[in-house]
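**Q** Okay, structure incoming, though there's no sequence with it:
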């Protein structure tokens, strides 16, 4: 796999909330939710990138920016023109939603929803649309007679397959799946995850998988970005991240994963406390109020996302795309607190 | 098959009777509604004239049956134009919000401040009496209620993921509004429109009574009541039976509307 298909550079997204008349008279500022703060990320062609973090960390906002549903307030999201090959931007990436019930129009049959995508964008001549719909259903392992039925006639897992088929109908380069299995039964989750893997291989898709489930990340992804309060705090190859997490937040997250063999849990302090309000993110490193090893510098100075000099495999190039990057002033020390 | 609400069954049956009278009044009416009969002026209800006759000897039963066509026409036309105009405006107001919504909000306040009947009478008074002018007057004001209902539905629907998916698929705004949001938002509007038909029949017959709606000699329930009011002390049946017809028609539409509302509530 070669090159970056999409580069996200310094993207920020704020949502301005409502302010009551009294607050306005008192001169209070409008409440602003800092959903994304200076996020930079390169997505490589054909890879599976996991984005993890607690709820409210900006994962979904990032996903919506990537598919163009939100316009970032600052920064840029640039596609590789060669990879796009002339296709309009909105068709480059398609989203698979978390809620398999709300994401399908209840008034459209599955067939007409799929045919609409193909027809509106003239991806096939009219005479071939029916065949294309059958092909899409076959790709997500739904029976051909599903086309005549309405979404409410299907189970959650089947509906998620319909959502995937609809995304595929646009022939995207990249699928962005926002918690696509968290609303499903565990037994169905595995089927859907395997479907993603199968489709990725078959259609040479780039897959961005957003989840809070670290076991899924480990099973599915090649690279992981960890987000905290609207920022990316650590990016690494999945194996490296799980073997040797550098950021104290990542270490805490991994520690929180329940495992059968207690001994395999990474040691180190667990995360305590609640996620701070994104209305008023802490100064300095956003994680410092919960960080077990925070020092004075963390409270005032924001750490940048940099290749970790202490991370193994960095003997190559500091700017290597697969560098293990971490946003922590204490990254080497943080690593030292966790046994190798 | 789900059990139908009782109100829907009763209202629907009653409505069917009225629709049948409106479609083929000749089958049900024993006499020509406009035929004078000088041998039976202001005759009491009897075997020959079940509802009695008026001052010209016209059969009240026949006139009441023929009037159903006019009054159902009022119910339909007084609802369909506000429904169409209001739904489209509500769709856009709900989708774009912003200044459009602020202007619309003030407009709603303005219309709601006045009693509906008073504004309609004022407009008809300016345009001149008659059914067409009455429809124009009702549409001028009535769309606001449909738009308000539609706006509220759109505000809910537009945040649904299926709308986000449609946007992500690069669909045009008209396509998203009319093909995706409209079919999901129209149901409460349609249910309201059935109930509204009851009100419009009352409004139409009120205007007919006041001489601003249907014009005599057209048989219309409000007009019939107005015709009979001068003889009410000697021949109360001249106004009574058309009045009962209005009540029953209003009931038919209200019950059907309520029944549809509870039927759809069950479904989701």
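**A** Received the coordinates, thanks. Since the structure is predicted, the reported quantities are computational estimates derived from the model, not experimental observations.

**Q** and the helix or strand hosting residue B:205, anywhere near chain A?
**A** Assessed by DSSP states H and E, residue B:205 sits inside helix B:182-210. Yes. Helix B:182-210 is in contact with chain A by Cβ under 8 Å from any Cβ of the partner chain, via B:183, B:184. Every residue, glycine included, has its C-beta placed from N, CA and C.

**Q** Show me where the stretch 1-150 of chain B dips below the pLDDT cut-off.
**A** B:1-2 (pLDDT under 70).

**Q** 50 instead, please
**A** Nowhere does the stretch 1-150 of chain B drop to pLDDT under 50.

**Q** before we move on, back to that, so what's the gap between the helix holding residue B:205 and the chain middle?
**A** 4 Å (Cα atoms, centre = their mean, to the nearest Å).

**Q** which outside residues touch the helix or strand following that helix?
**A** The C-terminal neighbour of helix B:182-210 among helices and strands, as given by DSSP H and E, is helix B:221-228. Residues lying outside helix B:221-228 but in contact with it, judged by Cβ atoms under 8 Å, 6 or more residues apart in numbering or on different chains, are B:54-55, B:60, B:63-64, B:67, B:71, B:201, B:204-211, B:213-216, B:235-240, B:242-243, B:245-246, B:249.

**Q** let's see it at 7 Å
**A** B:54, B:63-64, B:67, B:71, B:204-209, B:213-214, B:216, B:238-239, B:242-243, B:245-246 (Cβ atoms under 7 Å, 6 or more residues apart in numbering or on different chains).

**Q** So which other helices or strands are in contact with the helix or strand just after it?
**A** Using DSSP H and E, the helix or strand that follows helix B:221-228 towards the C-terminus is helix B:237-267. Packing contacts for helix B:237-267, counted by 3 or more Cβ pairs under 7 Å, 6 or more residues apart in numbering or on different chains; DSSP states H and E, involve helix B:6-23, helix B:60-96, helix B:182-210, helix B:221-228.

**Q** Compare those helices and give me the one nearest residue A:92.
**A** Of all these, it is helix B:60-96 that lies closest to residue A:92, at 25.5 Å by Cβ to Cβ.

**Q** near chain A at all, the closest one?
**A** No. Using Cβ under 7 Å from any Cβ of the partner chain, helix B:60-96 never reaches chain A; the gap is at least 14.9 Å.

**Q** Identify each buried residue in the helix or strand that that helix is followed by, please.
**A** Elements were assigned by DSSP H and E; along the chain past helix B:60-96, the next helix or strand is helix B:98-113. Under the neighbour-count criterion of 16 or more other Cβ atoms under 10 Å in any protein chain shown, helix B:98-113 has B:101, B:104, B:108, B:111 buried.

**Q** Quick one: list the elements packing against the following helix or strand past helix B:98-113.
**A** Next in sequence after helix B:98-113, counting helices and strands by DSSP H and E, comes helix B:116-127. Applying 3+ Cβ pairs under 7 Å, 6+ apart, we find helix B:116-127 packed against helix B:131-157, helix B:182-210.

**Q** Can you list the neighbours in contact with helix B:116-127?
**A** For helix B:116-127, using Cβ under 7 Å, 6+ apart, the contacting residues are B:133, B:134, B:136, B:137, B:138, B:140, B:141, B:203, B:206, B:207, B:212.

**Q** Quick one: neighbours of the fifth one, just the number.
**A** The reference is to residue B:138. 25 (other Cβ atoms under 10 Å in any protein chain shown).

**Q** Enumerate every residue touching whatever residue of the stretch 151-300 of chain A ends up closest to chain B.
**A** Residue nearest to chain B within the stretch 151-300 of chain A: residue A:170 (5.8 Å; Cβ to the nearest Cβ). Neighbour list for residue A:170: A:91, A:94, A:117, A:121, B:169 [criterion: Cβ under 7 Å, 6+ apart].
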